[in-house]
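**Q** Quick one: sequence plus predicted model below, questions after.
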Amino acid sequence: MPFLLEPLQYEFMQRGMIAAVLVGIVCAVIGTYVVLRGMAFFGDALAHTILPGLALGYLISGGAREPLFWWALGTAILAALGIGAISKNTEIKEDTAIGIIFAGMFALGIALISTVRSYAVDLSHFLFGDVLSVSVQSLWLILIFGGLVLLFIFAFYKEFMTLSFDPILATTLRLPVGALNNLLLALIAVTVAVSLQTVGVALMVAMLVTPAATAYLLTRRLSRMMVLAAIFASLAGVIGLYLSYYLSIASGAAIVLTATAFFVVAFMWKRVKGI
Amino acid sequence: MYPHTHHQPNKPILDVQHISVRYNGRPALDDITFHLHAGERVAVVGPNGAGKSTLFKVVAGVLPPGTGEVNIFGSRPRGHICIAYIPQRSQVDWNFPVSVADVVMMGRSAKLGPLNWPHRKDWEYVRHALETVELSDLASRQIGQLSGGQQQRMFIARALAQEAELMLMDEPLSGLDTPSQEGLLNLLDTLQNRHVTVMVATHDLDQAARHFDRIMLLNHRMVAFDEPQKVLHTDNLLQAYGGRLKINPEGTMLVDDCCPPE
């Protein structure tokens, strides 16, 4: 199948494929909880909030891309726990508070990046990702940190399920509810950091919610929802990159559009079946 | 196993001393004092917004009381895993992707402890609990496919799997048809045979009188707490329900309790 093999002769395409699949799986699995707990807005805000951290790292390291992962990781964890704390202790409504912080931080990030001459190009990398420029070192970081996220989700499967379904039950069973909530926020933050180069800040929320929501339409078991979501996300990564190659469209957008197409098909299929 | 407190067997299963809770400055519970005997069945009755759910949450250790204290077998509820709070059905996400058996297994989470997966013994607990509530055939159904009565029985199975000794049920009978209500009330007999102590919030004074050992009449403060025939008389009900109580000439009483007060 020369049609399928042709793009793979390039090493950057191979690396891009691996990155897209790994990131897709991690985002989809943790995205299951994002969908079930109604945290889509939180995920979107979190991704945007790390922009100033990225910008700062970018300015300090003089344009080098390798240290950016650590800047993203640090900012994401700080932002996740910060947003988590704010949404608990505030007089204004939670979504308003998150909205104010995320737009403010996003603007700060843009302001910082705009001090550099190659402003437009750099900003678009952060916003939309560039999976085809993933280095081997970045792949290892994605593998290690993505693997850690999956390991935690697996290890605390029954705790996260119980807490997400019935927080009062989790409290009466004396599970460490506060610690588990913060752990989940931190895991989402790590996921955002590892996914940054693949889809970028602006499209991150799609990776978190779209494959998981597609799976939600098709199954009524949590474990199956995670597996299905991971399959949809990996497929979206691979198909999206082929589309990107042959149609010359931006890779992150192609991946997200493919995932969206899956969702639309699943949604229609359910409608036609009349459930 | 997640850490929890051990019981002092000579202390009452539930001892509530002078608890008060305020929401936004308004009293939800005002100086409530009572204690329960093990294996007792108590109906908690009162108008909407009387503080029934709040009382249950304070007893379960989910909500800290503003003042006063709650003791379960001699110590604060926050350390105990023997209390089951069974939520109102309207508070539950019935589209959540879990099966009946999954939900019942959640009750084992505390005893299982961190990083442990269910053992054969835990599945035995779940199987047995589902048998007790007669839901064995529906174990693999998604929870949204159950009827209201079955949903309520599933939560009782979860409390059984938890090995709960005190079950707090928030309006379990509301919205159920008569056969489902009867099924649930029969299940309460089974629980009593197992020495489970039960508090049930309900609107149905007649059922409260027929099926429970004691009735607690609540309207922010404790109006009365005694055997049914001593509690259910006009003075007490007037105190609890005020203008929503109507007494017609034949002597029957009607409680107009459809709408929560604003």
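**A** Cool, the structure landed.
**Q** who touches whichever residue of the stretch 151-262 of chain B sits closest to chain A in this structure?
**A** At 7.0 Å from chain A, residue B:162 is the closest residue in the stretch 151-262 of chain B, using C-beta to the nearest C-beta. Yep, even glycine has a C-beta here, placed from its N, CA and C like the rest. By C-beta atoms under 8 Å, 6 or more residues apart in numbering or on different chains, the residues touching residue B:162 are A:173, B:81-82, B:84, B:107-108, B:110-111.
**Q** And for residue A:49?
**A** A:75-76, A:79, A:83, A:101-102, A:105-106.
**Q** Among those, show me the least confident.
**A** The lowest pLDDT within the contacts of residue A:49 belongs to residue A:83, with 80.
**Q** For it, which non-adjacent residue is spatially closest?
**A** residue A:98 (5.8 Å; C-beta to C-beta, 6 or more residues apart in numbering or on different chains).
**Q** Just to check, that neighbour is in contact with residue A:45?
**A** Yes. With contacts counted by C-beta atoms under 8 Å, residue A:98 reaches residue A:45, the gap being 4.8 Å.
**Q** and after the helix or strand hosting residue A:85, which helix or strand comes next?
**A** Residue A:85 belongs to helix A:68-88 when assigned by DSSP states H and E. Per DSSP H and E, the first helix or strand lying C-terminal to helix A:68-88 is helix A:94-113.
**Q** okay, that next one in PDB with CA atoms only?
**A** The C-alpha trace of helix A:94-113 is given here as PDB (Å, rounded to 0.1, in the frame of the first residue of the first chain):
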ATOM      1  CA  GLU A  94     -16.800  28.900  39.700                       C
ATOM      2  CA  ASP A  95     -17.000  29.200  35.900                       C
ATOM      3  CA  THR A  96     -16.700  33.000  36.100                       C
ATOM      4  CA  ALA A  97     -13.700  32.800  38.300                       C
ATOM      5  CA  ILE A  98     -12.000  30.300  36.000                       C
ATOM      6  CA  GLY A  99     -12.900  32.500  33.000                       C
ATOM      7  CA  ILE A 100     -11.300  35.600  34.500                       C
ATOM      8  CA  ILE A 101      -8.100  33.800  35.400                       C
ATOM      9  CA  PHE A 102      -7.700  31.900  32.200                       C
ATOM     10  CA  ALA A 103      -8.300  34.800  29.900                       C
ATOM     11  CA  GLY A 104      -6.000  37.000  32.000                       C
ATOM     12  CA  MET A 105      -3.200  34.400  32.000                       C
ATOM     13  CA  PHE A 106      -3.700  33.800  28.300                       C
ATOM     14  CA  ALA A 107      -3.400  37.500  27.500                       C
ATOM     15  CA  LEU A 108      -0.200  37.600  29.700                       C
ATOM     16  CA  GLY A 109       1.200  34.800  27.600                       C
ATOM     17  CA  ILE A 110       0.500  36.500  24.300                       C
ATOM     18  CA  ALA A 111       2.000  39.800  25.700                       C
ATOM     19  CA  LEU A 112       5.200  38.000  26.600                       C
ATOM     20  CA  ILE A 113       5.500  36.200  23.300                       C
END
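**Q** Got phi/psi on residue B:47?
**A** In terms of degrees, to the nearest 10, the main-chain angles of residue B:47 are phi -70, psi 170.
**Q** which stretches of the chain form helices?
**A** Picking chain A for this. A:2-5, A:11-36, A:40-49, A:51-60, A:68-88, A:94-113, A:119-128, A:136-155, A:157-165, A:167-172, A:177-218, A:222-247, A:251-273 (DSSP state H).
**Q** you looked at the wrong chain, it should be chain B
**A** B:52-59, B:100-106, B:109-112, B:120-132, B:148-161, B:178-193, B:205-211, B:228-231, B:234-241.
**Q** chain center to the last one: distance?
**A** Counting by C-alpha atoms, centre = their mean, to the nearest Å, helix B:234-241 is centred 23 Å from the centre of its parent chain.
**Q** any low-confidence regions in the chain?
**A** You didn't say which chain, so I picked chain A. For chain A, applying pLDDT under 70 flags the ranges A:63, A:87, A:89-90, A:275.
**Q** looking at chain B here, not the other one
**A** B:243-262.
**Q** Just give me how far the helix holding residue A:85 sits from the chain centre.
**A** 14 Å.
**Q** buried set for stretch B:169-188?
**A** B:169-174, B:176, B:180-181, B:183-185, B:187-188 (16 or more other C-beta atoms under 10 Å in any protein chain shown).
**Q** Show me which residues of the stretch 51-200 of chain A sit near chain B.
**A** A:155-156, A:158-159, A:161-162, A:164-166, A:168-176 (C-beta under 8 Å from any C-beta of the partner chain).
**Q** Residue B:113 reaches residue B:1, doesn't it?
**A** Yes. Residue B:113 sits in contact with residue B:1 when judged by C-beta under 8 Å, with a separation of 4.0 Å.
**Q** Residues of the stretch 51-200 of chain B that sit close to chain A?
**A** B:57, B:60-62, B:78-81, B:83-85, B:87, B:92-93, B:96-99, B:102-103, B:105-107, B:109-110, B:112, B:114-115, B:117-118, B:142, B:144, B:158, B:162.
**Q** Count residues in the vicinity of the closest residue to residue A:99 other than its chain neighbours, would you?
**A** Using C-beta to C-beta, 6+ apart and skipping residues adjacent in sequence, the residue nearest residue A:99 is residue A:45, 7.3 Å away. Using other C-beta atoms under 10 Å in any protein chain shown, residue A:45 is surrounded by 24 other residues.
**Q** Which residues are in contact with residue A:45?
**A** A:83, A:98-99, A:101-102.
**Q** Equivalent analysis for residue A:228, please.
**A** Residue A:228 makes contacts with A:214-215, A:218-219, as judged by C-beta under 8 Å, 6+ apart.
**Q** how far away is residue B:179 from residue B:185?
**A** Residue B:179 sits 11 Å away from residue B:185, going by C-beta to C-beta, to the nearest Å.
**Q** quick one on the thing from earlier: name the nearest of the contacts of residue A:49 relative to residue B:7.
**A** Residue B:7 lies nearest to residue A:83 out of the contacts of residue A:49, by C-beta to C-beta, at 40.3 Å.
**Q** Show me what residue B:201 bridges to in the sheet.
**A** residue B:44, residue B:170 (DSSP bridges).
**Q** any idea how far residue B:187 is from it?
**A** Applying C-beta to C-beta, the value for residue B:201 to residue B:187 is 16 Å.
**Q** got it, and residue A:252?
**A** 55 Å.
**Q** Likewise for residue B:175?
**A** Residue B:175 sits 17 Å away from residue B:187, going by C-beta to C-beta.
**Q** Ok, residue B:180 next?
**A** 11 Å.
**Q** Mind putting the helices of chain A into JSON lines with distance to residue B:48?
**A** Listed next are the helices of chain A as JSON lines, based on distance: least, C-beta to C-beta, whole Å:
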{"stretch": "helix A:2-5", "distance to residue B:48": "64"}
{"stretch": "helix A:11-36", "distance to residue B:48": "30"}
{"stretch": "helix A:40-49", "distance to residue B:48": "32"}
{"stretch": "helix A:51-60", "distance to residue B:48": "48"}
{"stretch": "helix A:68-88", "distance to residue B:48": "28"}
{"stretch": "helix A:94-113", "distance to residue B:48": "27"}
{"stretch": "helix A:119-128", "distance to residue B:48": "51"}
{"stretch": "helix A:136-155", "distance to residue B:48": "40"}
{"stretch": "helix A:157-165", "distance to residue B:48": "26"}
{"stretch": "helix A:167-172", "distance to residue B:48": "20"}
{"stretch": "helix A:177-218", "distance to residue B:48": "28"}
{"stretch": "helix A:222-247", "distance to residue B:48": "34"}
{"stretch": "helix A:251-273", "distance to residue B:48": "38"}
